[in-house]
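> what follows is a predicted structure for the sequence shown.
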Amino acid sequence: MTTSPGPATPRITVTGLTGLPEVEAGADLARLIADAAPDLADGDIVVITSKIVSKAEGRVVRSGREQAIDAETVRVVARRGDTRIVETRHGLVLAAAGVDNSNTPPGTVVLLPEDPDGSARRLRKALRDRLGARVGVIVTDTLGRPWRAGQTDAAIGAAGVLPVIDHRGRPDTFGTRLEVTVAAVADEIAAAADLVKGKLTGIPAAVVRGLHPQDDGSNGRTLVRAGEEDLLALAFREEPEGPLGECATAESRVVEE
């Protein structure tokens, strides 16, 4: 995939990494990625699905799906029937605590990485040690959006990439000061990479080239709404039996598909 987002920005390429083997516990992801992309260069961004990070880190467990969701949940945000939108120990709010029982042996489930930001940092360092390149790393998972149909990949861990760019206070082309515009750059990169990774192609990682991301040391947790900023959770607390359950139903398709 190639795109030219505008005259003031460079050309961006998004390339899926093919040939990666089935990942098992203890796998050296940096070696596998370096073998698949030996030309990684400063400013490139490696985007990798959380599932293979979890598999490499031994986060495949023998458990029933519902029991695993219970164990990974710290707060139920919304519920309808058997569908639960929950907050995980990471602070993420998503369907079924991110527990996944697809592409894993029967009787097992894949949990999210214990520390997605830590996973991104370690992979970034390992790639620099191996290839000498200063790259960014984004760990992704598939999320539903409560006010939108369908799912998209989003960043749950990041290193070497500025996850959000705050445009508030800057003037637009007509001189009006922006009041609320904060660009979720890491999520945008994650979604772009998913166009070449896909769900059924067996391509779990991609390289985004041309952005040369800024980096102030912040990580994926920057993207998590907390407290009173989480309007979805606030609405459910105020009206637990109201129409918010429809959001849960839409969000549940993440784990069903």
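Structure received.
> quick one: low-confidence parts of the protein?
By pLDDT under 70, the low-scoring segments of the chain are 1-10, 165-182, 198-200, 226-257.
> at which residues are the helices of it located?
With DSSP state H as the criterion, the chain has helices at 29-36, 50-56, 65-72, 116-131, 185-197, 231-238, 245-256.
> buried deepest among the ones you listed, which one?
The highest average neighbour count among the helices of the chain, using mean count of other Cβ atoms under 10 Å, belongs to helix 50-56 at a mean of 25. Just so you know, the C-beta spots here come from the backbone N, C-alpha and C atoms, and that holds for glycine as well.
> who touches that helix?
20, 23-29, 60, 98, 100, 103, 110-113, 116, 119, 123, 139-141, 156-157, 204-205 (Cβ atoms under 8 Å, 6 or more residues apart in numbering).
> do stretch 27-45 as well
With contact meaning Cβ under 8 Å, 6+ apart, stretch 27-45 is reached by 15, 17-21, 23, 46, 48, 52-53, 55-56, 123, 126-127, 129-131, 133-138, 160-161, 189, 205, 207-209, 211-213.
> right, and the helices of the chain - which one's nearest Arg145?
When the helices of the chain are compared by Cβ to Cβ, helix 245-256 sits nearest Arg145, at 7.9 Å.
> mind giving me the packing neighbours of whichever strand in the chain runs longest?
Counting residues, the longest strand found in the chain (DSSP state E) is strand 148-159. Packing contacts for strand 148-159, counted by 3 or more Cβ pairs under 8 Å, 6 or more residues apart in numbering; DSSP states H and E, involve helix 50-56, helix 116-131, strand 136-145, helix 185-197, helix 245-256.
> let's have the ones you listed in JSON lines, adding distance to Ala36.
Formatted as JSON lines, these follow (distance: least, Cβ to Cβ, whole Å):
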{"stretch": "helix 50-56", "distance to Ala36": "12"}
{"stretch": "helix 116-131", "distance to Ala36": "11"}
{"stretch": "strand 136-145", "distance to Ala36": "14"}
{"stretch": "helix 185-197", "distance to Ala36": "13"}
{"stretch": "helix 245-256", "distance to Ala36": "27"}
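> stretch 112-119: end-to-end distance?
11 Å (Cα to Cα, to the nearest Å).
> which of the contacts of helix 50-56 count as buried?
Those of the contacts of helix 50-56 that meet the buried threshold are 20, 23, 27, 29, 60, 98, 100, 110-113, 116, 119, 123, 139-141, 156-157, 204-205, by 16 or more other Cβ atoms under 10 Å.
> re the thing from before, just send the helices of the chain back as TSV, with distance to Thr88 too.
Shown next, in TSV, are the helices of the chain (distance: least, Cβ to Cβ, whole Å):
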stretch	distance to Thr88
helix 29-36	22
helix 50-56	12
helix 65-72	5
helix 116-131	10
helix 185-197	17
helix 231-238	13
helix 245-256	13
